[in-house]
Structures are given as structure tokens and as C-alpha cells.
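S.K.: Have a look at this prediction, sequence included:
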Amino acid sequence: MLLSPFTPLKLPNGQVIKNRLVKAAMEENLGDAELKPSSELVHLYRQWMRGGVGAMITGNVMVDHLAMTGPGGIALEADSELEMFREWSSVVDKGECKIIMQINHPGRQVYKRQGGKALAPSAIPLDMGKHSNLFAEPVAMTEADIEDIIKRFVQTSKQAQKAGFNGVQVHAAHGYLLNQFLSPKTNQRQDNWGGGIENRARLLLTIIKQIRQAVGADFIVAVKLNSADFQRGGFSCDDAAEVINMLNQEQVDFVEISGGNYEAPAMQGRGADEHTLAREAYFLTFAQQLQKVAQMPLMVTGGISNYSTASKVLASKVDLVGMASALAIQPDLPLWWQSRTEFKPKLPKVKLKDKTMTALATMATIRRHLSRHGHGKFSRPIHPVVSLVLDQMKLARLNKRYRKNYIDKAN
């Protein structure tokens, strides 16, 4: 029997997601000057909730305010004031939709002009070709740094629970810190945190164990994991299978399968190795391989905008359908699909000669749509180059604000 995207799913911890359509994480850059959720961000999530998704995974919330993926971001730490976080979580009607906070540390993927901590398992800088100088030089982490990171992930999870969120998703994909530890290309340590996959996965597994101990059995604990880095010598699908096999023992409620990093942006449909990704549901083939070992539900994200593709994902026995760009354009897409399964939002198509600039222009275009929805405006066609220019101007202003409020005071 084929599952409908509107079939409920009961997670291992007993919580029920009302349907299989999940708003996946995007970096909205709608945090306020204090790195808290803004009223515009709250309004944006309220629209997604009303649009009919079964669950929403937030844009990444950082565990350290001095290690941000970009200006306009959000940080939640042990001493953070929770009022706006509670307002953020309260957009969901009780039992009607789940809201899950994605928690993250960028590791070496910190922009140089932004400042702050650029930590990594090994002091290996990003190789972005002529754009490499955009990023800070990373510092290899000490044992004390590692213990601090573990503590921060746990504290942020406890704060998310206090603020009313239904769960957390630990981000271990897209080249951020936990993915850096998992990858032999970026983790060349010779201690208990490096070497074979068991050691490279130790940080992620330790964080998951301690989060579960801190939040109890009812809180959702999920993981976002690369199927592969799509780089020679990087994290592979075989590695991912090993990690999922380890996570089987850790009361994980679901694993989202993604891929790529800043050097190889497979999450935008482009790899840096021999792999060619599908036009939609980029990582479905990989998820089907990983399903052979996974004992928890799996979720696939990557370019999904068609009802038929969502149905294909479920027919392949993957449990959850993650959507990002499609919901940025059309926040009420699930409601449309209830009556018009042929409806498809028109996604931005950005093709520039420079791969890095294409990625930046794509993200800029999506962020402009998110900002319009956050301000109560409708989506409209936006030229990607114009979006990129305006986005860079906005990020420069936000970056100046962040440096003044945090980096300059820390130095």
C-alpha cells in the first residue's frame, strides 16, 4: 500500500508527526541584534505552520555566539534569555505541528570578515579556489575545546526544551564542525577523536548520548547527516552507514540524509566528484542504501518541489520528505497539494560561470523570499544577480552590527 504524504508518522519516542512533509532548515538571517529570533522570523514560521507541514526544522541555531555561520544568525546558550525563543516555539498549535530546533557549530566555516572562533579537528583551511581568502584560518581543537563543544550542544538542547520546542536536530552535515570530525579529509587527528570512523564519530555520538540523558525520552533528538561529502578522500556513503549503525543504539528519532559542504555544494545539486545528483530528491538513492542499516526513520531533503517526487520518496520506504526552497517560495505548498497535486512552485534557477557565486546567488534569492514572507509580503520573481548584490549589502550591515556587539567586545 502506497503511503500518502499526509499519512501520520509515529517516531521512536512516541511523538506523532501529523504528516510526512517537513520544512527543512534554511539560513534565514532574521535574527535580531542580540542573536535572538526576530518578530519577522516568528511570523515566517507561523506561515509555514498554517501552510500545513507536519514539522518544521529551524534554521541552524548556534551553540556559541562567537562561532556563527553568518550575520543575522541566532545563538542559544546556557545564559540566553528565552522570551523570544518561547514566542518562536509557540507558533505551533498544540499537537498540530512539531517545531524542532536545529543546533550547530560552524567549525572552520566561519567568514573572515565576520570574526570569531574558527575551530576545527585539524588546522586545514577551506579550499575555495580564488575565494578561499573569504574564510578564517582554522585552529586545531584541544581536548578542552572538545569538552566545551560537547557541553554547549547539551546546554543548548536543554534551553530549547525549556523554551517549548518539541526537539532538536544535531547538524552533522554540510561541512560544519561535526561533519569535519566525521570526514577523513578534514580530520587528520592522531588521538581518540581521529583515525578510523569509530573515532571520527566519537564527538557526534558523545553529544547525542549526553543530550538524550539531559532531555529525557519524550523530547525529539534527530541528526542531520551527510550521505557523502562528494569529495575524493572525504566522508563516504560507507562511512555514513557505519555512523547510522552506531546511532541505532542511541535513541535517535530520525536521521535526515543530505550531502556536500561549502567546497562541494551537493545540497544545492552539485558535487565535486564523479557523482551526478538527481534533479529532485538529490540524496534518495543514498538514503535507500542507508535504509538497509537504519533502525530509525530517515528523511530526505534536496530540491523536492513536486508532489510526485514526495510520493516517490515515500514509496521507496523513506519516512519523511524534507523541503526547503519550495517552501521558501510557497509556504502553504502542503495545503495546495491537498486539492491540486499537480501544483508546483517556480523555483529560482541560478547558473553563473563561478560555482561559488552561483551558490551565493541561490542562497541570496531564497533569503529574499524568506524576508518578504517574514514581513507579510507575497513572493514575486527576483533576479538572482540583483538578489546577490542586495544580500551582500544587507549582510555587510548585519556583519558590522555583529562585530560591534560581540567580536570587538571580546577582543
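M.R.: Right, received. Where do you want to start?
S.K.: in the stretch 101-250 of the chain, which ranges drop under the pLDDT threshold?
M.R.: Within the stretch 101-250 of the chain, no range satisfies pLDDT under 70.
S.K.: Quick one: the helices in the stretch 1-150 of the chain, in order.
M.R.: Counting by DSSP state H, counting those that start in this stretch, one finds helices in the stretch 1-150 of the chain at the ranges 39-50, 83-89, 143-162.
S.K.: Same list, these, but as TSV with distance to residue 96 and mean neighbour count please.
M.R.: (Glycine included, C-beta is placed from N, CA and C.) Output for the helices of the stretch 1-150 of the chain, formatted as TSV (distance: least, CB to CB, whole Å; neighbours: other CB atoms under 10 Å):
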stretch	distance to residue 96	mean neighbour count
helix 39-50	7	20
helix 83-89	13	19
helix 143-162	19	19
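S.K.: Out of those, flag the one nearest residue 314.
M.R.: Residue 314 sits nearest to helix 39-50 of all the helices of the stretch 1-150 of the chain, at 20.3 Å, using CB to CB.
S.K.: ok now the closest one, how far from the chain's centre?
M.R.: Offset of helix 39-50 from its chain centre (CA atoms, centre = their mean, to the nearest Å): 18 Å.
S.K.: Make 274 the first number, not 1, from now on.
M.R.: Got it, the first residue is 274 from now on, which makes the last one we talked about helix 312-323.
S.K.: Dump it to CSV, restricted to CA.
M.R.: What follows is helix 312-323, C-alpha atoms only, in CSV (Å, rounded to 0.1, in the frame of the first residue of the first chain):
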residue,chain,number,x,y,z
SER,A,312,9.3,39.1,15.2
GLU,A,313,9.8,38.7,11.4
LEU,A,314,11.2,35.2,11.9
VAL,A,315,8.3,34.3,14.2
HIS,A,316,5.8,35.5,11.6
LEU,A,317,7.6,33.4,8.9
TYR,A,318,7.3,30.2,10.9
ARG,A,319,3.7,30.9,11.7
GLN,A,320,3.0,31.0,7.9
TRP,A,321,4.7,27.6,7.5
MET,A,322,2.7,26.1,10.4
ARG,A,323,-0.5,27.4,8.8
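S.K.: Could you list every helix and strand in contact with it?
M.R.: Helix 312-323 sits against strand 328-330, helix 356-362, helix 628-647, with contacts defined as 3 or more CB pairs under 8 Å, 6 or more residues apart in numbering; DSSP states H and E.
S.K.: if you compare those, which one is most tucked away?
M.R.: strand 328-330 (a mean of 26; mean count of other CB atoms under 10 Å).
S.K.: In TSV: the helices of the stretch 274-423 of the chain, plus distance to residue 489.
M.R.: Output for the helices of the stretch 274-423 of the chain, formatted as TSV (distance: least, CB to CB, whole Å):
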stretch	distance to residue 489
helix 312-323	25
helix 356-362	17
helix 416-435	8
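S.K.: how about those helices, which one is nearest residue 502?
M.R.: Ranking the helices of the stretch 274-423 of the chain by proximity to residue 502 (CB to CB) places helix 416-435 first, at 20.4 Å.
S.K.: Outside of the closest one itself, list whatever touches it.
M.R.: With contact meaning CB atoms under 8 Å, 6 or more residues apart in numbering, helix 416-435 is reached by 334, 336-337, 349-351, 353, 355, 358, 374, 376, 378, 392, 414, 440-441, 443, 450, 466, 476, 479-480, 483-484, 487-488, 492, 494.
S.K.: Residue 284 contacts residue 291, doesn't it?
M.R.: No. Residue 284 is not in contact with residue 291 according to CB atoms under 8 Å; the separation is 11.9 Å.
S.K.: okay, the two: which has more neighbours?
M.R.: Per other CB atoms under 10 Å, whichever of residue 284 and residue 291 has more neighbours is residue 284, with 22 against 17.
S.K.: Now for the more buried one: which residues touch it?
M.R.: Residue 284 neighbours (CB under 8 Å, 6+ apart): 290, 493, 526, 527, 570.
S.K.: hey, where'd the helices end up in the stretch 574-684 of the chain?
M.R.: 580-588, 598-602, 606-612, 628-647, 657-675, 681-683.
S.K.: Output those helices in CSV; the columns should cover distance to residue 503.
M.R.: Formatted as CSV, the helices of the stretch 574-684 of the chain follow (distance: least, CB to CB, whole Å):
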stretch, distance to residue 503
helix 580-588, 20
helix 598-602, 19
helix 606-612, 27
helix 628-647, 13
helix 657-675, 23
helix 681-683, 35
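S.K.: Provide a list of residues in contact with residue 564.
M.R.: 571, 590, 591.
S.K.: Quick check: the first one vs residue 594, distance?
M.R.: So that's residue 571. Noted for residue 571: a distance of 11 Å to residue 594, by CB to CB, to the nearest Å.
S.K.: just residue 403 next, same as before
M.R.: Residue 403 sits 37 Å away from residue 594, going by CB to CB.
S.K.: With residue 632 instead?
M.R.: Separation of residue 632 from residue 594 (CB to CB): 23 Å.
S.K.: same check, this time on residue 332
M.R.: The gap separating residue 332 from residue 594 is 19 Å, by CB to CB.
S.K.: got it, and residue 489?
M.R.: According to CB to CB, residue 489 stands 28 Å off from residue 594.
S.K.: For residue 536, report the pLDDT, please.
M.R.: Turning to residue 536, the model gives it a pLDDT of 59.
S.K.: should've said residue 649
M.R.: At residue 649, the model reports a pLDDT of 84.
S.K.: What's the ChimeraX line that selects buried ones from the contacts of helix 416-435?
M.R.: Of the contacts of helix 416-435, the buried ones go into a single ChimeraX selection, burial set by 16 or more other CB atoms under 10 Å:
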select :334,336,337,349,353,355,358,374,376,378,392,414,440,441,443,450,466,476,479,480,484,488,492,494
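S.K.: So which of the contacts of helix 416-435 belong to strands?
M.R.: Among these, the members found in strands (DSSP state E) are 334, 374, 376, 392, 440, 441, 443, 494.
S.K.: The second one contacts residue 443, correct?
M.R.: Going back to what we said before, that points to residue 374. No. Using CB under 8 Å, residue 374 is not in contact with residue 443; the gap is 10.1 Å.
S.K.: hmm, back to that, residue 533: which of the helices of the stretch 274-423 of the chain is closest?
M.R.: Residue 533 lies closest to helix 416-435 among the helices of the stretch 274-423 of the chain, at 22.2 Å (CB to CB).
S.K.: So which of the contacts of residue 284 is the closest to residue 341?
M.R.: Nearest to residue 341 among the contacts of residue 284: residue 493, at 24.6 Å, using CB to CB.
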